[in-house]
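> Only the shape, not the letters, is given here:
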């Protein structure tokens, strides 16, 4: 497993000559993504903070998607999941993904419900 | 294998010694540990999301909380965390390079890269300690009402934040910290603020151009600033001065923000710390030539997995604590 590395990223768009080169390439990519995130976080463009998709700010969607992109490259290239067998990769990735999605769904809905109770219900916070 | 019973299946699937997933036992178990740890971290982060959604209109704005950079004065939101993120990604890279050098059996390269990884980890933990101490020490100071709401002070014209020291009066009163030995032994005061509530209130009344900023977010996503009359009413509900943040009081806003900050970044920092310790152990093993004798550097790969996982978690903590 260890000695045959898959050297292309971005679905074959970029192919590196050696594993070391691929590591530096991924570092550059991750740094660019982080810079974009920080720049957006500091400037907070109005167009992105005042438009919503599915009830969440576009800016926050961008942050979350960029985070998942970063997580993908860390897991695939730094933790070399790319070089592992498909079966191992699926076990490791999809089990937590499924459980975490379930957890997010259930807890955030509940929290939103409690928020509405505080807001419209009989309880007030300023007791 | 010297088995007493010969089943004739030694070479088949059931004879043992297979690696159906193409990974050795140790590596598999490291992956399983990482999966369970990932679920623990997601539990924490989702709990943070739960509390945040519950108090969505009161949540502190991270940009206004983490504004400091060591050795510089002024307002620099995010730069320091970005630096910390970069350090951690960088140490991840040196770790992969160590694993890569291990595959090629280059002992000296592994030693160099492991060393750099450890240094990166130490810088990160140090930065986190600094971040904690800045957060605990506090910035401008605030007062807390009976209902546990935080009231901060801003300049009425410019809207700039004011520190308690900017306007609080010094009154000829003596404030004595309550100690366990004077009377009620089970009550103790955690810390003594630099101004008493009375001094802050009197100072506020004497300066007409100060108003109060509440925790409530308005439609623009900014904190609501009250007018002078409302400010005075709100201030009459104040029960204590808050400076800095701890598990019970938080001058930056909702106390749960501080609780989750300490808990999640603390748990992550603990992972980084233990990662550094494990890296050091492996580092010495590499120097001693343990893996050279063993014939492979898989141990470096296994700690590498753990180290990258710590980096992976930080990517999420960074997003959910500082960006979103």
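Cool, the structure landed. Note that the structure is a prediction, hence the values are computed from the model and not measured. Numbering: from 1, shown residues only, chains lettered A, B, ... in the order given.
> quick one: contacts of stretch B:92-101?
Contact with stretch B:92-101 is made by A:19-20, A:23-24, A:27, A:74, A:77-78, A:80, B:109-110, B:113-114, B:116-117, B:120, B:297, B:300-301, B:304, B:307-308, B:311, as judged by Cβ atoms under 8 Å, 6 or more residues apart in numbering or on different chains. All C-beta atoms are positioned from the backbone trio N, CA, C, and that covers glycine.
> Domain-wise, how is chain B divided?
In the domain annotation for chain B, the residue ranges read B:24-138+B:257-323, B:158-240 (automatic domain parsing).
> Verify the assumption that residue B:241 is located in a strand.
Yes - under DSSP: H, G, I helix; E, B strand; the rest coil, residue B:241 falls within a strand.
> Now do it against residue B:270, distance only.
32 Å (Cβ to Cβ, to the nearest Å).
> Compare the two (neighbour count), which wins?
Using other Cβ atoms under 10 Å in any protein chain shown, the more surrounded residue of residue B:241 and residue B:270 is residue B:241, with 23 against 11.
> Quick one: residues contacting the spatially closest residue to that one that is not a sequence neighbour.
Distance criterion Cβ to Cβ, 6 or more residues apart in numbering or on different chains; nearest residue to residue B:241, sequence neighbours excluded, is residue B:193 at 4.3 Å. Taking Cβ under 8 Å, 6+ apart, we find residue B:193 in contact with B:141, B:240, B:241, B:242, B:243.
> one step back: buried subset of the contacts of stretch B:92-101?
A:19, A:23, A:27, A:74, A:77-78, A:80, B:110, B:113-114, B:116-117, B:120, B:297, B:300-301, B:304, B:307-308, B:311 (16 or more other Cβ atoms under 10 Å in any protein chain shown).
> Can you tell me the element the residue nearest to residue B:241 falls in?
Under DSSP states H and E, no helix or strand contains residue B:193.
> Residue ranges of each domain in chain A, please.
A:1-84, A:85-127.
> Of those domains, which is nearest chain B?
Comparison of the domains of chain A against chain B by Cβ to the nearest Cβ identifies domain A:85-127 as nearest, at 3.5 Å.
> And residue B:202, how far from chain A?
25 Å (Cβ to the nearest Cβ, to the nearest Å).
> Based on its surroundings, how many neighbours for that residue?
So residue B:202, with other Cβ under 10 Å, has 17 neighbours.
> Same question for the one 5 residues further on.
A total of 16 residues lie near residue B:207 under the criterion other Cβ under 10 Å.
> That one is in contact with residue B:168, isn't it?
No - using Cβ atoms under 8 Å, residue B:207 is not in contact with residue B:168, being 9.7 Å away.
> after the longest strand seen in chain B comes which helix or strand?
The longest strand of chain B (DSSP state E) is strand B:210-217. Using DSSP H and E, the helix or strand that follows strand B:210-217 towards the C-terminus is strand B:223-225.
> Pairing partners for that following strand, with directions?
Using DSSP bridges, the strands paired with strand B:223-225 are strand B:210-217 (antiparallel).
> Other residues contacting the strand it pairs with?
Outside strand B:210-217, the residues touching it (Cβ under 8 Å, 6+ apart) are B:57-61, B:149-156, B:161-162, B:167, B:204, B:223-228, B:230-231, B:234-235, B:253-254.
> Going through these, which ones are buried?
B:58-60, B:149-155, B:161-162, B:167, B:204, B:223, B:225-226, B:231, B:234-235, B:253-254.
> now the helices: where do they sit in the chain?
You didn't pick a chain, so chain A it is. A:19-43, A:46-49, A:58-73, A:86-120 (DSSP state H).
> Can you look at chain B instead?
B:25-54, B:62-65, B:79-103, B:107-137, B:164-167, B:197-206, B:228-235, B:255-260, B:266-288, B:290-294, B:298-318.
> Quick check, central residue of chain B?
Nearest to the mean C-alpha position of chain B, by Cα atoms, centre = their mean, lies residue B:265 at 2.5 Å.
> So that residue versus residue B:308, what's the distance?
According to Cβ to Cβ, residue B:265 and residue B:308 sit 19 Å apart.
> quick one: the residue nearest to the centre of chain B and residue B:322 touch, right?
No - contact status for residue B:265 versus residue B:322: not in contact, 10.2 Å apart, counting by Cβ under 8 Å.
> what's around residue B:272, how many residues?
23.
> who touches it in this structure?
Residue B:272 neighbours (Cβ under 8 Å, 6+ apart): B:88, B:121, B:124, B:125, B:128, B:310.
> Now flag whichever of the residues you listed is closest to residue A:67.
Distance to residue A:67, by Cβ to Cβ, is smallest for residue B:88 among these, at 14.0 Å.
> Give the full set of residues in contact with the residue nearest the centre of chain A.
Nearest residue to the geometric centre of chain A (Cα atoms, centre = their mean): residue A:68, 1.7 Å. By Cβ under 8 Å, 6+ apart, no residues touch residue A:68.
> Which residues are in contact with residue B:314?
Residue B:314 is in contact with B:84, B:85, B:88, B:268, counting by Cβ under 8 Å, 6+ apart.
> could I get these as CSV with neighbour count?
Shown next, in CSV, are the contacts of residue B:314 (neighbours: other Cβ atoms under 10 Å in any protein chain shown):
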residue, neighbour count
B:84, 21
B:85, 25
B:88, 26
B:268, 22
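> Which ones, among the residues you listed, also lie beside chain A?
residue B:85 (Cβ under 8 Å from any Cβ of the partner chain).
> I'd like the contacts of residue B:314 laid out as CSV, including pLDDT.
Shown next, in CSV, are the contacts of residue B:314 (pLDDT from 0 to 100):
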residue, pLDDT
B:84, 93
B:85, 92
B:88, 93
B:268, 96
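> ok, back up a step: take the domains of chain A and write them to TSV, including mean pLDDT.
As requested, the domains of chain A are exported to TSV (pLDDT from 0 to 100):
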stretch	mean pLDDT
domain A:1-84	87
domain A:85-127	87
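> For the ones you listed, state which one has the densest average packing.
Greatest average neighbour count among the domains of chain A goes to domain A:1-84 (a mean of 15), per mean count of other Cβ atoms under 10 Å in any protein chain shown.
> The stretch 201-324 of chain B against chain A: which residues are in contact?
Counting by Cβ under 8 Å from any Cβ, the stretch 201-324 of chain B sits next to chain A at B:221, B:301, B:304-305, B:308-309, B:311-312, B:315-316, B:318-319, B:322-324.
> All set now, cheers.
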